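Novice: I'll drop the sequence and a predicted model, then ask my questions.
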Amino acid sequence: MIDLKALRENPQRFIDGAAKKNYAPDIDTLLKLDEQRRSLMSEQETLKAAQNKLSKETGPKIGQLMGKLKSANDDEKAAIQGEVDAIKAAPAKMKEQITALDAQIAQLEPKLNEILLSIPLPPDDDVPVGKGSEDNVEISKWAPEGWDWGKSFEQNKGFKPRTHIELCAMHNLVDFPRGVKIAGSRSYVLTGDGMRLHQAILRYAIDTMTNENGFTPMSVPVLVREEAMVGTGFFPGGRDQAYHINESERGGGYDMFLTGTGEVGLMGLHQDEILDEAQLPLKYVTVSTCFRREAGAAGKDTAGLYRIHQFDKVEQVIIDVADEQKSRQHHKDMMGFVENLLKSLGLPHRLLQCCTGDLGVKNADMIDIECWMPGRGEEAPDGTPMGEFGETHSASRLYDYQCRRLNMRYRPGGENGKGPTTFCHSLNNTVAASPRILIPLLEMYQNEDGSVTIPEKLVPYMNGQTKIG
RNA sequence: GGAGCGGUGGCAGAGCGGUUGAAUGCGCCGGAUUCGAAAUCCGGUUCGGCUUUCGGGUCGACGGGGGUUCGAAUCCCCCCUGCUCCGCCA
């Protein structure tokens, strides 16, 4: 959520920011509603102040009179009762007016909140302006020694690549038909070494983050309440993408949603809390099953492990003080952890600066990391795929947008005493999402005979096994 | 699923219809004491909205939402949530 005060002061900044992201929230209406609400509120407050003043005077008086009433004789009783009734009647008009104003204010609020929640965080000025993913900008590229970006897979390795789908079939790593039988399209079953490799990469990723990078591992819910989805910024915008468990319809008090990323659970941890500055930054990592409806992606990436409804992901988040420089540094650090991981696995990849049109509501800045997938992309005349980058990671910098929604704050406790409570900054980034990461892993490590070498770092996690097939 | 008891400031924990934004303790901040520190003593310390001549003013909030009342943390209703016992399952 953006800061309503900041919006009032400089609406243009938010109008422009939204436009850059291809959003067009009705900011004019919001400002009008906000104006109306404030004017009604101050009118109401004046009345309430008068009412409070009055009741402060009459309260003790009534108390006294009621006391007298008990010990009074019949003649006095009538007089005292009359006095009490008169006092009681006084605030009646005010009360009516206040109630009426209440109703008017309540009427404005749903629309106001709806628009407020939908206003995107303006992108940072150094984020390139663009329409969509086609305008993203490559900022760096890495490949292990011996890999020449100017050459095809075949020229690099001396044989034609098989796609991960072929490799999976060859070694019984995935059973697609049975996955579909059980759970419908975009479903799959990891089998044997496929499942082992999946577990190996996840475990390797979480161990690295925990043991080398100082993150605290967590297990968090993946079945959450709507508040967690709204708080983390996925709702209302991304409602279509989440599976909805309709518990209220069967007598439960509220509905539940399946999370599309561990970020929801991790960020929800400190919802409504005031954190001690000394505890910050908080660095959390989780591995969780992620669920995505992939609404609107019909017909896209239908084959293989690329776009599926359910997968497992190791996710990192950092929560820290509201300091732009620190946020920027964390962002770099988090990408560094991923790059080191990919380098240790020998996977060619690049960093992509996402343009404004590709950011989504909650990001000020986002950098995707894409791995080279030799089995993707267009086919050469002889039917050999030419390879293509595929998104495997996404690193977001959110400022206080998410923490404001989550009401997650800290007390700045510098030497000069305590400042006002302040919303934290948050960031998140993928560490490893599998089985998607198995695509580059299998395709880059395939041998001419179709066997697949296990990356050195994963061998310990495969019980010493060095090869599939 | 049945029965019972709870949810109060950063934390613990009183208050259970009358001025109470809330005793007390811990923590935290400032001061005194001390060569310095600990201990002790004194003072301060909830969060948010609106407004402001930046001194302040004002409203709201005791899990959430409604209601009763001149007046609600306190009474009533619904919801969320925690704990204990019983049942069921593992």
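Specialist: Perfect, I can see it now. Residues are numbered from 1 along each chain as shown, chains lettered A, B, ... in the order given.

Novice: can you show me the strands along the stretch 251-400 of chain A?
Specialist: Counting by DSSP state E, counting those that start in this stretch, the stretch 251-400 of chain A has strands at residues A:256-258, A:274-276, A:282-291, A:310-320, A:349-353, A:365-373, A:388-397.

Novice: for the second one, name the packing helices and strands.
Specialist: When you say that, I think you mean strand A:274-276. strand A:409-411 (3 or more Cβ pairs under 8 Å, 6 or more residues apart in numbering; DSSP states H and E). Bear in mind the C-beta positions are built from the backbone N, C-alpha and C, glycine included.

Novice: ok, back up a step: least confident of the strands of the stretch 251-400 of chain A, on average?
Specialist: Note on those: strand A:274-276 shows the lowest mean pLDDT, a mean of 80.

Novice: parallel or antiparallel, list what pairs with it.
Specialist: With DSSP bridges as the test, strand A:274-276 is paired with strand A:409-411 (parallel).

Novice: re earlier: want to throw the strands of the stretch 251-400 of chain A into TSV with distance to residue A:406 and mean neighbour count?
Specialist: Below are the strands of the stretch 251-400 of chain A laid out as TSV (distance: least, Cβ to Cβ, whole Å; neighbours: other Cβ atoms under 10 Å):
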stretch	distance to residue A:406	mean neighbour count
strand A:256-258	16	20
strand A:274-276	11	14
strand A:282-291	13	21
strand A:310-320	10	23
strand A:349-353	27	20
strand A:365-373	19	23
strand A:388-397	15	21
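
Novice: columns distance to RNA strand B on top of those, output as JSON lines?
Specialist: Rendered in JSON lines, the data for the strands of the stretch 251-400 of chain A read as follows (distance: least, Cβ to the nearest atom of the strand, whole Å):
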{"stretch": "strand A:256-258", "distance to RNA strand B": "10"}
{"stretch": "strand A:274-276", "distance to RNA strand B": "5"}
{"stretch": "strand A:282-291", "distance to RNA strand B": "16"}
{"stretch": "strand A:310-320", "distance to RNA strand B": "17"}
{"stretch": "strand A:349-353", "distance to RNA strand B": "33"}
{"stretch": "strand A:365-373", "distance to RNA strand B": "25"}
{"stretch": "strand A:388-397", "distance to RNA strand B": "23"}
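
Novice: can you redo those strands as TSV with distance to residue A:195?
Specialist: As requested, those are exported to TSV (distance: least, Cβ to Cβ, whole Å):
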stretch	distance to residue A:195
strand A:256-258	21
strand A:274-276	39
strand A:282-291	14
strand A:310-320	11
strand A:349-353	24
strand A:365-373	21
strand A:388-397	19
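
Novice: give the next helix or strand downstream of the helix or strand of chain A with the lowest mean pLDDT.
Specialist: Between all helices and strands in chain A, the lowest mean by mean pLDDT, DSSP states H and E belongs to helix A:74-89, at a mean of 64. Note on helix A:74-89: by DSSP states H and E, the next helix or strand toward the C-terminus is helix A:92-118.

Novice: got the domain boundaries for chain A?
Specialist: Structurally, chain A divides into domains by automatic domain parsing as follows: A:26-118, A:133-468.

Novice: residue A:19: which of those domains is closest?
Specialist: With Cβ to Cβ as the criterion, residue A:19 lies closest to domain A:133-468 of the domains of chain A, at 8.9 Å.

Novice: center of chain A, which residue is that?
Specialist: Most central residue of chain A, judged by C-alpha distance to the mean C-alpha position with Cα atoms, centre = their mean, is residue A:232 at 4.8 Å.

Novice: show me what contacts that residue?
Specialist: Contact partners of residue A:232, counting by Cβ atoms under 8 Å, 6 or more residues apart in numbering, are A:263-264, A:267-268, A:402, A:405-406.

Novice: and what of residue A:123?
Specialist: By Cβ under 8 Å, 6+ apart, the contact set of residue A:123 is A:17, A:20-21, A:356, A:359, A:363-365.

Novice: that's all I had, so thanks and see you.
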